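Colleague: pasting the sequence and the predicted model now:
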Amino acid sequence: MNQDWFEFINARMETEREQYGKTEEYRHRRVIEIQQEEMLETNLTKDEKHMVDEVMFARCLSLERDGERLYQQGMRDCVGVLKELGVIG
């Protein structure tokens with residue numbers, strides 16, 4: 001894949017993230033995340049919280065990368081379908 005393709009995909013993903021951030025689903029999820037963060041703050045020692053934060057950060061990075069891969073594959077699939085239909089060359 002060339003650099004232009006990655007830049008295009010990244011720009012599309014950023015636009016989608018911005019749009020998702022405006023949804024009710026996102027706002028609801030953020031409320032739950034804040035509640036969970038407060039629970040961690042009050043129920044764990046600092047060392048335990050630090051360990052949980054590290055694990056969660058690593059998981060989030062992994063999930064974000066998985067999402068990027070799925071999005072890229074969806075774009076490739078879409079282009080393939082458009083080519084099969086003769087819409088693009």
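Modeller: Arrived safely. Numbering: from 1, shown residues only.

Colleague: so where's this structure shaky on pLDDT?
Modeller: Along the chain, the parts satisfying pLDDT under 70 run over 1.

Colleague: tally of neighbours for Gly67?
Modeller: By the criterion of other CB atoms under 10 Å, Gly67 has 13 neighbours. Using the backbone N, CA and C atoms, a C-beta is placed for each residue, glycine as well.

Colleague: separation between it and Lys46?
Modeller: Separation of Gly67 from Lys46 (CB to CB, to the nearest Å) stands at 31 Å.

Colleague: ok, now Ile32?
Modeller: 23 Å.

Colleague: next one: Asn2
Modeller: Distance of Asn2 to Lys46, computed by CB to CB: 46 Å.

Colleague: buried residues in the host helix or strand of Asn10?
Modeller: For Asn10, the element it lies in under DSSP states H and E is helix 3-20. With burial defined by 16 or more other CB atoms under 10 Å, the residues of helix 3-20 counted as buried are 9, 13.

Colleague: by contact count, what packs against that helix?
Modeller: Counting contacts by 3 or more CB pairs under 8 Å, 6 or more residues apart in numbering; DSSP states H and E, helix 3-20 is packed against helix 46-84.

Colleague: from the contact counts, what lies against the helix it packs on?
Modeller: Judged by 3+ CB pairs under 8 Å, 6+ apart, the packing partners of helix 46-84 are helix 3-20, helix 24-43.

Colleague: next, the angle from the last one to helix 3-20.
Modeller: Here helix 24-43 points in a direction 80 degrees away from that of helix 3-20 (axes from the mean of the first three to the mean of the last three CA atoms, to 10 degrees).
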